[in-house]
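**Student:** For reference, the sequence and a predicted model appear below.
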Amino acid sequence: MAKSQAVRILQHIRKLTATGSEPIADRELVQRFVTARDEAAFAMLVRRHGKMVLRVCQRVLHHAHDAEDAFQATFLVLSRKAGSLRHPELVGNWLYGVAHRLALKAGIYASRRWAHESQVAARPPIDPLAELTGRELIAVLDEELSRLAEKYRAPLVLCCLEGTARDKAAQQLGWSLSTLKRRLEYGRKLLRRRLARRGLALSAALSASLLTADTGHAAVSATLIASTIQAALSYQSGQTVAVAGISKQAAALAEGVLRAALITKVKIAAVLFLAISVGAAEAALLARQVLEGKPAEAKEQAEPKSVASIPDQAKAEATNPTRFDPFGDPLPLGALARFGTVRWRHGVQVMAIAFSPDGTTVASGSMDEAIHLWDARTGKLLRILRGHEAWVGSVFFTPDGKELISCSRDQTARVWDVATGKEVRRWPTHGSLKLALSSDGKLLAGAGASPPNGSIVLWDVTTGNPVRELSFEDVQDGVTDLAFSPDGTRLVSGGGSTLRLFDVTRGKQLQTFGAGTRINSVAFSSDGKTLAVGRNQEPVTLWDVADLKEPRRLGSDPKGARVVTFSPDGKTLAVCGFGFGTAMLWDVTTGKKVCELQGILYQVWSVAFSPDGKTLAVGHLASRVRLWDTSTGKELPSVEGHREWVQFLAFVDHDRGIASASSEGMVRHWDIATAKVVREFQEDGT
């Protein structure tokens, strides 16, 4: 039936395209579908934008079936929302945003499903974009692209993602060619600037054609198109989508988006909040931006304060004493309450974590080019260290806990005085994301630059001067992670698919071993006898350092460990994947899984045990540090609020409360008077 339906649709499309040499504009196709339920017009929209939508879904999701579910859900939503589009000529831009949000949601559903499939022997193979560096870049690029204002994102979607010529894109959007060129170039500039803040170059991203490259499944099959169109036509009329080729997951995704039609209430809530917290004129201006769909984010370049404004601010602060939230943290000037907390929260992706030697402080480096120091018990922010000009990938406390060493994509290592927050010294590195500090705190190791061979440089931490350089062959492999042995005499590097062991004292490479897939993480046990290695698409391996012959494998799951680290006593290994999933604790002696940490994690970059081994800190994409009790695997309820991004807000209960929903699937009801959670539940009602 699907095949005959596809043939009939193609015949209608030929009739549509035969009416003239110019293709029918998106606005007219949307209008035909809304007013006349024109099946061929909707089919044309699916065929025109389907490849772009499927690519977006495939970039976010790991498996083909999940991507197809998100693809179908996107067009199901279009079938219901087509009549309410404010700018039908921007339907491609609208589809991009819906597809990206649905794919993220589908990833959460998939991770929950995988968590319950403990008996499954193997999962579907990951597509070629599972190569870590490419997927990281694509995820960041999609995230920043989705945040651009509509007038700048639309030309980027049309010209860069869908390959539309500029003159055709201008005609489709109803703009002049000069307007399109101006907005396209400014959109590129904004995107380049935002990516640069996160340590990525736009030119590299676009020259590699990451967003437009085929992922191995980019072609949209006729069967997928036909089943999607059939379901959409049924869905538009309010019927079910129980047709061939439509999964329950796709229908559930579409229903979830439509239930989130609280967007209008969100905008009203935002306006009311603005009216309470700022002056009437400013509130009116910002409210207009909210209601027109403009991004509520800061200017790209902040205006400097005038001299006259400083006394005014001091006067305002004097007449408006500082307010505090329920956790005792100060509120911004003019704010009445905070729902949730700022504790443990960066606001951007957390890249590196370290406990102080006495376990009282946690340091975390992030995408905002800063290092945050937190009280390890309460999560209260103690200090922010600023100075780096790119994202911070490594942080280390010195053994006495008085200094902190940080390394960044800006190709510098910096030493900070923990007590004062002042930078003590810095020296140039070669841009390594991951570096290693010896246990005595005297040597810092990072990738060197010695073509045609590769090298690792050892710096003296007290002076910042290079001590020696460890050379190796095959510079193409590079260095992805490093680890010193506890006694500081050995250094292991993971580069590409090869492990290398060095004698630090003599400055010589002893041997290479462990050929396989890409190496993500290496770690020594506290006694120096065992080496743990995390790779792409392979179980974690444990090597006996004495012979380095045949490693032990920790079961068959997880595959693709991003980070591995030993507990202080060397008896437990923490393992975290990079995509949607959970962190696991393994018994090193028996090779058995101890527990899975409760809660979903995504894009984990760093984990750290407390000195007593009782707490595990994890930094990941959700812009906060999260803590778990290693004995039970339960997350420590040290703070109140959502664990992931808050996506929706609305007044409820006769405007006496606020409902909020996050990407983790949790809905919370807050009491306005106390700013505390009244009740919470999963979106599925549990």
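**Tutor:** Received it, and whenever you're ready, just let me know what you need. Numbers count the residues shown, from 1 in each chain.
**Student:** and V522, which of the three is it?
**Tutor:** What DSSP: H, G, I helix; E, B strand; the rest coil gives for V522 is strand.
**Student:** Show the secondary-structure elements that the helix or strand hosting L233 is packed against.
**Tutor:** Secondary structure from DSSP states H and E places L233 in helix 222-236. In this structure, helix 222-236 makes packing contacts with helix 2-17, helix 39-60, helix 64-81, judged by 3 or more Cβ pairs under 8 Å, 6 or more residues apart in numbering; DSSP states H and E. Just so you know, the C-beta spots here come from the backbone N, C-alpha and C atoms, and that holds for glycine as well.
**Student:** Specify the next element, helix or strand, located C-terminal of the shortest one.
**Tutor:** If I follow you right, that is helix 2-17. Using DSSP H and E, the first helix or strand after helix 2-17 is helix 26-36.
**Student:** May I have the residues that are in contact with T74?
**Tutor:** V53, C57, L95, V98, A99, L102 (Cβ atoms under 8 Å, 6 or more residues apart in numbering).
**Student:** Check V545 too.
**Tutor:** S485, R490, F524, G528, K529, T530, L531.
**Student:** from those residues, which two are the most distant?
**Tutor:** Farthest pair in the contacts of V545 (Cβ to Cβ) is R490 and T530. Separation: 12.7 Å.
**Student:** And the contacts of V545, which of them are buried?
**Tutor:** S485, R490, F524, G528, T530, L531 (16 or more other Cβ atoms under 10 Å).
**Student:** coming back round to it: restricting to C-alpha, output the helix holding L233 in CSV.
**Tutor:** Provided in CSV are the C-alpha atoms of helix 222-236 (Å, rounded to 0.1, in the frame of the first residue of the first chain):
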residue,chain,number,x,y,z
ALA,A,222,10.2,6.7,-0.7
THR,A,223,8.6,4.4,1.9
LEU,A,224,9.6,6.7,4.8
ILE,A,225,8.1,9.7,2.8
ALA,A,226,4.9,7.8,2.0
SER,A,227,4.2,6.6,5.5
THR,A,228,5.0,10.0,6.9
ILE,A,229,2.6,11.7,4.6
GLN,A,230,-0.2,9.2,5.2
ALA,A,231,0.2,9.6,9.0
ALA,A,232,0.4,13.4,8.7
LEU,A,233,-2.9,13.7,6.7
SER,A,234,-4.6,11.5,9.3
TYR,A,235,-3.0,13.4,12.2
GLN,A,236,-4.0,16.8,10.8
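**Student:** buried set for that helix?
**Tutor:** 222, 224-236.
**Student:** Relative to the helix or strand harbouring H372, what are the paired strands and their orientations?
**Tutor:** Per DSSP H and E: H372 is located in strand 370-375. Strand 370-375 pairs in its sheet with strand 361-366 (antiparallel), strand 381-386 (antiparallel), by DSSP bridges.
**Student:** Now do it: everything it contacts.
**Tutor:** 343-344, 346, 360-366, 380-386, 388, 392, 395, 404, 406, 416, 418, 421, 625.
**Student:** what do you get if the cut-off is 6 Å, keeping everything else the same?
**Tutor:** 361-365, 382-386, 392, 395, 406 (Cβ atoms under 6 Å, 6 or more residues apart in numbering).
**Student:** Tabulate the CA atom coordinates of that strand in PDB.
**Tutor:** Extracted in PDB, the C-alpha atoms of strand 370-375 (Å, rounded to 0.1, in the frame of the first residue of the first chain):
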ATOM      1  CA  ALA A 370      36.400  30.300  33.600                       C
ATOM      2  CA  ILE A 371      37.100  28.100  36.500                       C
ATOM      3  CA  HIS A 372      34.500  27.900  39.300                       C
ATOM      4  CA  LEU A 373      35.500  27.000  42.900                       C
ATOM      5  CA  TRP A 374      32.600  25.400  44.900                       C
ATOM      6  CA  ASP A 375      32.100  24.300  48.500                       C
END
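**Student:** so how far is L470 from the spatially closest residue to E469 that is not a sequence neighbour?
**Tutor:** The shortest distance from E469 to any non-neighbouring residue, by Cβ to Cβ, 6 or more residues apart in numbering, is to S455 (5.0 Å). Distance, S455 to L470, by Cβ to Cβ, to the nearest Å: 6 Å.
**Student:** Fine by me, we can end here.
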